[in-house]
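>>> return a 3D structure for these sequence lines:
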Amino acid sequence: MAAKKGQQKPAAQKPQNKGLTKEQIRAKHFAIRNARASFASLLTNWGIPLTPAVNKFIAQAAQKQMSGDAFMKAIRKTKAYARAFPGIMQENGTLRMSEAEYQSGFEALKDYGASIGREMNNAEFALALKNGNSIAEIKQKWGAIDSLLTNGAVLDQFVKYRESQGLSAPKTREEMLKFVMGMGPREWEVGYDQAVAGARAKTAGLQLSFDDMKQVIGAIETSGIGDIQDITPDVYAKVADNLRHVGTMKAYGIKDSDAVLAAFGIGEKRQLVDDVVKNAERFATGEGRAEEDPFAEAQSDRFTQGERRRSGASL
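Numbers count the residues shown, from 1 in each chain. Below is the predicted model of the structure:
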């Protein structure tokens, strides 16, 4: 019906609101405002700047009444998201980790890097992730390379070993850092475990040759007790303390590598190592007498028998 002269025409409903009551329209507008605020808050927490283009994207998503899951799926396909989370997506389009894990991991690595004098930016972090490193592995490798690079002798040993085999080797800090972050030639990995473990052992006061470390690594890995990288400097320090405390250990043919293996309950001489350590601790605290030391008795018997043979006495 036509409006009378002087009366306003009723506002026409927008196509998307056609057929809705006023209460339904108000509820829809309220939901859209809430969605826009929620989407904006999410992106702010993710560190994505609310640029005009991003705000437009948010408005369109809210207008379409996207669910939270649908919005996140859509935003993850944008350039803004890629700039905020480089390296988070795998080649098949799935996430390597959640955004929260990415952010907390990156911040943790930045803090850890600062503690050892290293820096990491988003590009390096992304490259490390794309090369198959988890956040824990990146931190572990940083710690390992820090130990390696701060010990010039071990680094030299690693390089010399590689070169003696006719192989190339990382010779600078930059090259070594690229290597442990998965950015260098994979062939450099040959001998890396021995070098890192040797550096940790040397820091703890143990003198292990490259061949000794190779033997130790092989025994540990085949025993199933863990990876060589799981051996912390504390373990080597404990072994070093035992060796410093037990001055007679080497007299029984026990090498440092034997002591390392024995600390994990493996190795052919683990029982001998345990016996020497236990007896040394007993006598160091005054709990035993020299004649009670089975090793001392064995040495005394050998000495007595030698004297008898020299004097012609019958056995």
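>>> what comes up buried for the helix or strand Gln24 falls within?
Using DSSP states H and E, Gln24 sits in helix 22-45. Judged by neighbour count (16 or more other C-beta atoms under 10 Å), helix 22-45 contains these buried residues: Ile32, Ala35, Arg36, Phe39, Ala40, Leu42, Leu43. (C-beta placed from N, C-alpha, C; glycine too.)
>>> now do the last one against Ala136, distance only.
According to C-beta to C-beta, to the nearest Å, Leu43 stands 28 Å off from Ala136.
>>> coming back round to it: next, the angle helix 22-45 makes with the next helix or strand along the chain from the helix holding Gln24.
For helix 22-45, the succeeding helix or strand toward the C-terminus, using DSSP H and E, is helix 52-63. Helix 52-63 runs at 140 degrees relative to helix 22-45, counting by axes from the mean of the first three to the mean of the last three C-alpha atoms, to 10 degrees.
>>> CA atoms only: put helix 52-63 into CSV for me.
Listed next in CSV are the C-alpha coordinates belonging to helix 52-63 (Å, rounded to 0.1, in the frame of the first residue of the first chain):
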residue,chain,number,x,y,z
PRO,A,52,42.5,-2.9,6.7
ALA,A,53,42.7,-6.1,4.7
VAL,A,54,42.6,-8.3,7.7
ASN,A,55,39.6,-6.3,9.2
LYS,A,56,37.8,-6.8,5.9
PHE,A,57,38.4,-10.5,6.1
ILE,A,58,37.1,-10.6,9.7
ALA,A,59,34.0,-8.6,8.7
GLN,A,60,33.2,-10.9,5.8
ALA,A,61,33.7,-14.0,8.0
ALA,A,62,31.5,-12.6,10.7
GLN,A,63,28.8,-11.6,8.1
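>>> just the buried residues of it, please?
With burial defined by 16+ other C-beta under 10 Å, the residues of helix 52-63 counted as buried are Val54, Phe57, Ile58, Ala61, Ala62.
>>> and if you look at stretch 251-265?
Of the residues in stretch 251-265, those with enough neighbours to count as buried (16+ other C-beta under 10 Å) are Ile254, Lys255, Asp256, Ser257, Asp258, Ala259, Val260, Leu261, Ala262, Ala263, Phe264.
>>> first vs last residue of it, how far apart are they?
The first and last residues of stretch 251-265 sit 21 Å apart, counting by C-alpha to C-alpha, to the nearest Å.
>>> just the mean pLDDT for that stretch, thanks.
Over the span of stretch 251-265, the pLDDT mean works out to 77.
>>> same question for stretch 89-97.
The pLDDT scores in stretch 89-97 average 90.
>>> from the contact counts, what lies against the helix holding Gln24?
Under the contact criterion of 3 or more C-beta pairs under 8 Å, 6 or more residues apart in numbering; DSSP states H and E, helix 22-45 touches helix 52-63, helix 68-75.
>>> could I get stretch 69-79 in CSV with only the CA atoms?
Coordinates of each C-alpha in stretch 69-79 appear next as CSV, following Å, rounded to 0.1, in the frame of the first residue of the first chain:
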residue,chain,number,x,y,z
ASP,A,69,36.8,-23.6,13.4
ALA,A,70,35.8,-22.5,9.9
PHE,A,71,37.3,-19.0,10.5
MET,A,72,40.7,-20.6,11.6
LYS,A,73,40.7,-22.9,8.6
ALA,A,74,40.1,-19.9,6.3
ILE,A,75,42.6,-17.6,8.0
ARG,A,76,45.3,-20.3,7.8
LYS,A,77,45.2,-20.0,4.0
THR,A,78,46.0,-16.2,4.0
LYS,A,79,49.3,-14.4,3.5
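>>> just the buried residues of that stretch, please?
So, applying 16+ other C-beta under 10 Å, buried residues of stretch 69-79: Phe71, Met72, Ala74, Ile75.
>>> ok, residues contacting it?
The set of residues external to stretch 69-79 that reach it, using C-beta atoms under 8 Å, 6 or more residues apart in numbering, is Phe39, Leu42, Leu43, Ile48, Phe57, Ala61, Met66, Tyr81, Met89, Leu95.
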